[in-house]
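Student: Quick one, what's the 3D model for this:
(one chain, ligands or ions: 1)
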Amino acid sequence: MISKAPRWRALDGSPWEPGGDEVAIAALLDLVEEAAPDVAAHMERTARLARLVALEARLSDPLHRQVIRTARLHDVGKLAIPPWVREKPGPLSDTERRIMRSHPVTGQSILERKPGLAGLGVLVRATHERWDGTGYPDRLKGSSIPIPSRIVSVCDAFDAMTKPRPYSPSMTIDASLGELDRCAGAQFDPGIVQVFCELFQNRFDRLAVGA
Ligand SMILES: [Fe+2]
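Tutor: Sure, this is the predicted structure:
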């Protein structure tokens, strides 16, 4: 008997029936889930954080949608990274780091082959740019980095810091927020770091009073 339960859920938990270009997104998410479940889980956590930032920043609906989509697929290019590099339990060699750093460009080339997703590819390509212009692959700087890519950059780093990795323990939430703050204006858009840190602070305050 075929289950009628919805296969996909939106980030707020409601059933999500993909339509239009979302069919291509759902197919890619299926592929990542099957080939690299750790990457899929990381992208989903990053998307949950990005959604909170987008809500807090009161972004327009189209921009909000772009933020979520960029977060949900920002590491799709890692499908092309050999598992022995992607999952290496230790620091990467220079060659391995070069291979790893190809994933935003590969992500863009995967996305631009899908009808309607070329624009999303541009946003994914820019998720490893840095506010000070020393990121990759294009060394974009400041406001020339698209807003969704800047938001995903902060949420991606926070998730990476707070989850245990094979070769290093996870950082506490406080320490991770401190690290984001330390890198604001260099790696990250300082305005987005401020929204992110306030968001966490407000949530903790609410938790502390049992709200
Ligand atoms: Fe990531």
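Student: Return the set of buried residues in the helix or strand encompassing residue 154.
Tutor: Under the criterion of DSSP states H and E, residue 154 resides in helix 147-162. Of the residues in helix 147-162, 147-159, 161-162 count as buried by neighbour count, 16 or more other Cβ atoms under 10 Å. The way it works is simple: take the backbone N, C-alpha and C, and place the C-beta from them, glycine included.
Student: near the ion too, which of those residues?
Tutor: Contacts with the ion within the buried residues of helix 147-162, counted by Cβ under 5 Å from the ion: residue 156.
Student: Next up, identify which helix or strand the most centrally placed residue in the chain is on.
Tutor: By Cα atoms, centre = their mean, the mean C-alpha position of the chain lies nearest to residue 71, the distance being 3.6 Å. Per DSSP H and E: residue 71 is located in helix 61-73.
Student: How much space separates the closest residue to residue 86 other than its chain neighbours from residue 157?
Tutor: Nearest non-adjacent residue to residue 86, counting by Cβ to Cβ, 6 or more residues apart in numbering: residue 78, 5.7 Å away. Taking Cβ to Cβ, to the nearest Å as the measure, residue 78 falls 16 Å from residue 157.
Student: cool, residue 190 as well?
Tutor: Taking Cβ to Cβ, one finds residue 190 at 14 Å from residue 157.
Student: Hmm, residue 143 and residue 126 touching each other?
Tutor: No - Residue 126 lies out of contact with residue 143 (Cβ atoms under 8 Å); the separation is 11.9 Å.
Student: Look at these two and report which has more neighbours.
Tutor: residue 126 (25 against 10; other Cβ atoms under 10 Å).
Student: how much space between the residue nearest to the more buried one when sequence neighbours are not counted and residue 88?
Tutor: Counting by Cβ to Cβ, 6+ apart, residue 126 lies nearest to residue 149, which is 3.7 Å off, once chain neighbours are set aside. Using Cβ to Cβ, residue 149 is found at 26 Å from residue 88.
Student: Repeat that for residue 152.
Tutor: 23 Å.
Student: Equivalent analysis for residue 138, please.
Tutor: From residue 138 to residue 88 the distance is 26 Å (Cβ to Cβ).
Student: what's the answer for residue 69, then?
Tutor: For residue 69, the distance to residue 88 equals 29 Å [Cβ to Cβ].
Student: What residues does the protein have near the ion?
Tutor: Residues of the chain lying close to the ion (Cβ under 5 Å from the ion) are 75, 156.
Student: The residue nearest to residue 86 is in contact with residue 103, isn't it?
Tutor: Yes - with contacts counted by Cβ under 8 Å, residue 78 reaches residue 103, the gap being 4.9 Å.
Student: Could you pull up the contacting residues of residue 54?
Tutor: Contacts for residue 54 (Cβ atoms under 8 Å, 6 or more residues apart in numbering) come out as 63-64, 67-68, 151.
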